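In: requesting a structural model of the entry that follows:
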Amino acid sequence: MSGRCGLNFQGGGALLGILLATALGALVTALALTSLTATNQSVNDAARHLEARQQALWTMGQLARDVAKHRHFGCGAQPWAAQDFAAGHWRLWLPGRWLPHRKLLRDDKQRLAGIELEPLAGGNSLSWLQSLLSSCAATWALTGASAQWLGGANAPLLQLTPALPLQTAEQADGLHAPSLQLWLPLERHYELRDHRLLARDRLGGLPLGAERLLLDNVEQLSIRVQLRSSCGEGAAWQWRAAEALDASAAQRLAAARLELAWRPDSRRARVERLSQDLPLMSASSCGDKT
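Out: Below is the predicted model:
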């Protein structure tokens, strides 16, 4: 009897050991899986954060490039306007498409009455609603009845009504004929809507492509400009919100500061901020280029 009981006891002990080992193995496996899941989650979170940050940096670079070109067409430039940078909605005017010309047509008073253009590849010259004449001396926006497109794409002609002044030996004001260029302006809208930064374009006054998402989870988009307080010697430098510009201040711009606040993770409240300063080239009323 004692031998049989000893065998039963040993068998029960072995079974208990197997059960304990199995339980410990399952626990170790569960802990390992939990650790692996947490590690994978951390890796995925880091990858999403890196991707989001790269997209934010790309967006800031795109904004900076466009702001630097805002209202510049060839060697001509227009002054910035406060309405270009309304809160949450920027409207930038960029050099979209240059239309080379063959000949400038003058009237009997030596004013610019029309422009013969090179043949156009792609696009209907009769449908554009906006164009712009740019020269090193002046720029002139053309809309509606002031610019009539004739001749079709093979022999396009832009007729100007009324005729525009050209610089001559007797007249200092007007467009500079040797540097004259005709542009279709690219009107680019940046709009912050429901924490999403969106962009859409118009070329020559017509829609160009679909609206696109640039960056999600955006909290704020702002721009400030640096300008001289006056044109006199010893004038101070000051910063001002771009939406607060007036006509006089727009002539004295020197630099811009872009700021973008965004959340890398929509599930968290942490906000990151990007800032970029860039010099500006603006036509200055002080008689130089800044």
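In: where along this protein do the helices fall?
Out: Remark: helices assigned in the chain by DSSP state H are 2-69.
In: so what's the residue nearest to the spatial centre of the chain closest to, chain neighbours aside?
Out: For the chain, the residue sitting closest to the mean C-alpha position, by Cα atoms, centre = their mean, is Leu63 at 3.3 Å. Taking Cβ to Cβ, 6 or more residues apart in numbering as the measure, Leu63 lies nearest to Leu258, with 5.6 Å between them; neighbours along the chain are not counted. For every residue, glycine as well, the C-beta is placed using N, CA and C.
In: wait, that neighbour touches Ala242, no?
Out: No: taking Cβ atoms under 8 Å as the contact criterion, Leu258 and Ala242 are not neighbours in contact, 9.8 Å apart.
In: intersection of neighbour lists for these two?
Out: Overlap between the neighbourhoods of Leu258 and Ala242 consists of Ile223, taking contacts as Cβ atoms under 8 Å, 6 or more residues apart in numbering.
In: who has more neighbours, those two?
Out: A count of neighbours by other Cβ atoms under 10 Å puts Ala242 above the other of Leu258 and Ala242, at 24 against 18.
In: got a list of what the more buried one touches?
Out: If you count contacts by Cβ under 8 Å, 6+ apart, Ala242 has them with 80, 82, 84-85, 223-225, 256.
In: okay if I get the residues you listed as JSON lines plus distance to Gly205?
Out: JSON lines is the format used below for those (distance: Cβ to Cβ, whole Å):
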{"residue": "Trp80", "distance to Gly205": "20"}
{"residue": "Ala82", "distance to Gly205": "22"}
{"residue": "Asp84", "distance to Gly205": "17"}
{"residue": "Phe85", "distance to Gly205": "21"}
{"residue": "Ile223", "distance to Gly205": "25"}
{"residue": "Arg224", "distance to Gly205": "30"}
{"residue": "Val225", "distance to Gly205": "27"}
{"residue": "Ala256", "distance to Gly205": "26"}
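In: just the ones of those in strands?
Out: Cross-referencing these against strands under DSSP state E gives 85, 223-225, 256.
In: and the nearest residue to Trp128 once chain neighbours are set aside, how many neighbours?
Out: Counting by Cβ to Cβ, 6+ apart, Gly204 is the residue found nearest to Trp128 once chain neighbours are left out, at 3.6 Å. Summarising burial for Gly204: neighbours were counted as other Cβ under 10 Å, giving 21.
In: tell me the confidence at Arg270?
Out: Looking at Arg270, its pLDDT stands at 89.
In: so what's the closest residue in space to it that isn't next to it in sequence up against?
Out: Beyond its immediate neighbours in the sequence, the residue positioned closest to Arg270 (Cβ to Cβ, 6+ apart) is Arg263, lying 6.6 Å away. When contacts are counted by Cβ under 8 Å, 6+ apart, Arg263 is found next to 217, 219, 269-272.
In: longest strand anywhere in this structure?
Out: Of all the segments assigned as strand in the chain under DSSP E, the longest by residue count is strand 181-193.
In: show me what Thr143 is bridged to.
Out: Taking DSSP bridges as the rule, Thr143 bridges to Gln130.
In: quick one, what contacts it?
Out: Counting by Cβ under 8 Å, 6+ apart, Thr143 makes contact with 129-130, 205.
In: just the buried residues of the contacts of Arg263.
Out: Buried subset of the contacts of Arg263 (neighbour count, 16 or more other Cβ atoms under 10 Å): Asn217.
In: and which of the contacts of Arg263 is nearest to Leu198?
Out: Lowest distance from Leu198 to these (Cβ to Cβ) belongs to Asn217, with 13.2 Å.
In: can you tell me the closest non-neighbouring residue to the closest one?
Out: Leaving out its chain neighbours, the residue that sits closest to Asn217 by Cβ to Cβ, 6+ apart is Arg263, at 4.2 Å.
In: ok, the one you found to Gln220 distance?
Out: Separation of Arg263 from Gln220 (Cβ to Cβ, to the nearest Å) stands at 11 Å.
In: likewise for Glu170?
Out: 53 Å.
In: between these two, which is the more surrounded one?
Out: Neighbour tally, Glu170 and Gln220, criterion other Cβ under 10 Å: the higher count belongs to Gln220, 14 against 6.
In: so what's the residue count around Leu227?
Out: 24.
In: change the start of the numbering to 77 and stick with it
Out: Done: numbering now begins at 77, and the last item shifts to Leu303.
In: so what's it up against?
Out: Going by Cβ under 8 Å, 6+ apart, the list of residues near Leu303 reads 313-314, 316, 325, 328-330.
In: for Cys212, same thing?
Out: 150-152, 252, 255.
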